[in-house]
Structures are given as structure tokens and as C-alpha cells.
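>>> just need the structure, nothing else, for what follows:
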Amino acid sequence: MSEVLTAEQVTRFERNGFINGGPLLDVAQTAEMLAELMRIIEIGPKGFAEGQRQPVLFRDLTGSTEAVDGRKKAPVWQIVNIWEASPLFEQLIYHPGIVGAISQLTGMGDLQVWHDQVQYKPANAGGATTWHQDAPLWPSIEPMTPVSAWIPFADALPENGCMWMVPGSHKWGNQQAYLNTRTDLKLLEEFDRIGEGFEMPEIDGGSGVKGAGCDCGGDNCGEMTEVKPVLCPVRAGEVHFHHSLTWHGSPENHSPNPRPGLAIHYMTSDARYTGRAHPMSVHIQVQTGERMIDAGPHFPKVCQGGKPVAGPGKVTRSV
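A predicted model of the protein is given here:
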């Protein structure tokens with residue numbers, strides 16, 4: 001399989017724990033994906049008929065109950081496995097540009113979808129996705145999901161709640177307990193305070209670092225020794241990759257523009273079911289300790305032997 005990402009991009013990902021992979025979908029494709037997403041959002045969590053193809057989960061991630069003009073305040077609409085409700089989104093999880101890049105970044109030739117996830121922030125009152133790491137929140141599988149791909153269908157910019165990332169944080173281990181103490185950070189002007197009070201862990205049995213953190217975002221230095229959060233704006237149709245231990249989150253959206261996007265979380269076919277709970281665990285069709293390769297139709301194989309698996313439709317563009 002030809003390489004999707006350059007050697008420089010792979011090196012930058014290994015250093016920082018995230019990269020922008022560049023354009024994935026053209027303008028027409030992006031508009032088509034946005035229209036399909038809005039169609040499903042319009043159906044709503046309770047609008048699917050019995051027997052109709054539908055997502056695994058559809059809810060307001062914030063659990064907000066305060067109403068503004070009859071609507072919940074600051075929602076973040078979470079849709080898990082939208083690909084099961086839409087042939088168009090089903091094509092996207094097999095996209096060879098995404099799958100090929102994930103294979104490069106992980107060094108794994110056999111990949112499956114753990115699940116996909118829409119987090120839609122409406123205009124004017126879109127909620128925050130507080131600072132977190134992915135892998136600790138998904139205890140049902142080991143080894144952890146390695147890399148996720150995120151594709152916005154409209155520009156994700158600072159003003160409408162684009163993601164923030166902390167360079168090098170994927171090398172600091174499981175720090176979710178600390179991040180859980182900072183769920184108070186929800187606004188754009190305060191989101192960069194995530195490092196206040198954090199004690200840097202020892203790495204590799206010692207300091208394990210080569211130089212102090214800097215303002216370059218990690219591109220020109222060694223291991224990061226400071227929490228230096230950076231904004232990660234992504235244009236519509238681009239694909240952004242991040243490691244499952246990279247600290248990330250996104251503040252509230254008070255702009256007149258919504259923030260629609262899809263994350264696709266991949267796992268290796270060597271992953272095993274741990275028996276621990278997650279919304280996807282009720283769909284896992286193997287026993288505790290068994291490989292997820294046989295987990296069932298909710299976890300499609302997208303790469304085998306280093307070659308992307310043909311999906312149920314044709315996607316011609318690649319990163």
C-alpha cells in the first residue's frame with residue numbers, strides 16, 4: 001500500500017501526538033456529508049422507527065437540563081455509530097485515505113472500527129467537551145485504541161469550539177483522574193489553563209525528557225516537560241489525527257456558526273475484550289479475553305494485511 005502521510009508528518013505525530021493530515025473530502029463531498037448529518041440530527045434521538053437503521057447511541061453529551069427558549073442550554077449532540085444509520089457515513093469509515101494513514105501511524109496492518117462518534121455543537125449555545133484522554137474512557141478493550149481520525153463538515157475554528165490539544169501528552173500515561181478535576185474549564189478564554197496544578201510524571205523511570213517545553217507546539221523540541229495547550233483549527237473536509245492518550249477537548253460554541261464533525265475511533269484486530277462496561281460493550285459478541293476480530297458486525301474490519309478493505313461504496317479522494 002502506498003504511503004498516505006509523509007515521513008515528516010509521521011515524525012511530527014510521534015512527537016506531538018496529533019497532526020492535521022490535510023484535505024480529505026472536496027467541497028461537494030463535504031456538503032453532502034453535512035446535509036446527511038443534519039438529516040439525522042433532525043430525526044432526533046427518538047425519531048427512528050422500529051427496525052430502521054439507527055445509531056447505537058444518540059444523546060446530549062452534556063446532560064444539560066436548563067432550558068433557553070424551550071431548548072436545552074449548551075448541548076453537545078453525541079451520535080455513536082452514525083455509520084449504522086447512513087450508507088454515506090458507512091462509506092467514510094472505510095475511506096482509504098483515513099485507513100491508510102491510521103495504518104501508517106500505528107504500524108498495524110489489521111484494523112477495525114471501535115466506534116465512530118459525532119459531537120455536534122449547535123450555533124450560539126454549543127456545549128463544551130471538557131479536557132480528556134480517549135483510551136481511559138474506553139475500558140472494554142485492550143490494548144487501547146491507538147489513533148482516531150476527526151473530520152469537520154464546516155470549518156472548526158476557535159470561535160465555534162475547535163479542539164485544543166497538548167503536545168507530547170500522549171507520552172505521560174493515563175492522566176484522566178487529573179483531567180476529571182478540571183471539568184470547570186469550558187470557555188475559550190479559560191481553556192488554556194488545563195496545566196494549572198498538574199505535576200509532570202516521570203517517564204521511562206526518570207525524567208525521560210530531552211528539553212523544556214516551548215511555544216513551538218512541540219514541532220522543534222524534544223519531549224515536552226510542560227503543559228502547553230495549543231489550538232487545532234481544522235478546515236471543512238480536512239482530517240485531523242490524534243493519539244488516544246493525547247489530552248484534548250473543546251470549549252463552548254457561542255458563535256453564530258455550528259461545529260459539525262465526526263470522529264472515527266479505530267482499534268487493532270489484536271485488541272481483546274476486557275469485560276468492562278462501555279456503551280459499545282453490549283454489542284460485543286465475544287467472551288472476556290477473546291479477540292475483538294470476532295466481535296460482530298458493529299465492529300467492521302477496515303484494513304487487513306496492510307490493505308484497506310473495500311467498503312460498501314466508492315470513495316475516490318484521499319488525503
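>>> you'd agree residue 291 is up against residue 270?
Yes: counting by CB atoms under 8 Å, residue 270 is a contact partner of residue 291 at 6.8 Å. All C-beta atoms are positioned from the backbone trio N, CA, C, and that covers glycine.
>>> how many neighbours does residue 190 have?
12 (other CB atoms under 10 Å).
>>> tell me the SS of it?
Under DSSP: H, G, I helix; E, B strand; the rest coil, residue 190 falls in the helix class.
>>> show the pLDDT at it.
Looking at residue 190, its pLDDT is 97.
>>> ok now do it, which residues does it touch?
For residue 190, the contacting residues are residue 251, by CB atoms under 8 Å, 6 or more residues apart in numbering.
>>> please report how far it lies from residue 74.
15 Å (CB to CB, to the nearest Å).
>>> what are the bridge partners for residue 241, then?
residue 19, residue 149 (DSSP bridges).
>>> count of residues packed around it?
Neighbour tally, residue 241, other CB under 10 Å: 23.
>>> again, but for residue 282
10.
>>> what's the separation between it and residue 112?
17 Å.
>>> repeat that for residue 259.
Residue 259 sits at a distance of 28 Å from residue 112 (criterion: CB to CB).
>>> residue ranges of the helices in the stretch 1-150 of the chain, please?
Applying DSSP state H, counting those that start in this stretch to the stretch 1-150 of the chain gives helices spanning 7-16, 27-43, 87-93, 96-106.
>>> buried deepest among those helices, which one?
helix 96-106 (a mean of 23; mean count of other CB atoms under 10 Å).
>>> pull the CA atoms of that helix into PDB?
C-alpha atoms of helix 96-106 as PDB (Å, rounded to 0.1, in the frame of the first residue of the first chain):
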ATOM      1  CA  PRO A  96      -8.600   4.500   2.100                       C
ATOM      2  CA  GLY A  97      -7.000   7.900   2.900                       C
ATOM      3  CA  ILE A  98      -8.100   7.600   6.600                       C
ATOM      4  CA  VAL A  99      -7.500   3.900   6.900                       C
ATOM      5  CA  GLY A 100      -4.100   4.100   5.200                       C
ATOM      6  CA  ALA A 101      -3.000   6.900   7.500                       C
ATOM      7  CA  ILE A 102      -4.100   5.100  10.600                       C
ATOM      8  CA  SER A 103      -2.100   2.000   9.500                       C
ATOM      9  CA  GLN A 104       1.000   4.200   9.000                       C
ATOM     10  CA  LEU A 105       0.600   5.900  12.300                       C
ATOM     11  CA  THR A 106       0.100   2.700  14.300                       C
END
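>>> using the three-state scheme, assign residue 177.
helix.
>>> number of residues surrounding it?
Neighbour tally, residue 177, other CB under 10 Å: 8.
>>> what does residue 155 give?
16.
>>> try residue 199
7.
>>> how much space between it and residue 170?
18 Å.
>>> I'd like the helices of the stretch 1-150 of the chain as TSV, with distance to residue 244 and mean pLDDT appended.
Putting those into TSV (distance: least, CB to CB, whole Å; pLDDT from 0 to 100) gives the following:
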stretch	distance to residue 244	mean pLDDT
helix 7-16	12	97
helix 27-43	24	96
helix 87-93	17	96
helix 96-106	10	96
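>>> quick one: closest of these to residue 51.
With CB to CB, the closest approach to residue 51 among the helices of the stretch 1-150 of the chain belongs to helix 27-43: 14.4 Å.
>>> contacts for that closest one?
Applying CB under 8 Å, 6+ apart, the set of residues contacting helix 27-43 from outside is 25, 55, 77, 79, 82, 85-86, 88-89, 92, 118, 120, 151, 153-154, 236-237, 260, 262, 317.
>>> those residues, buried ones only, as a ChimeraX selection?
Entered in ChimeraX, the line below selects the buried ones among these, by 16 or more other CB atoms under 10 Å:
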select :25,55,77,79,82,85,86,88,89,92,118,120,151,153,154,236,237,260,262
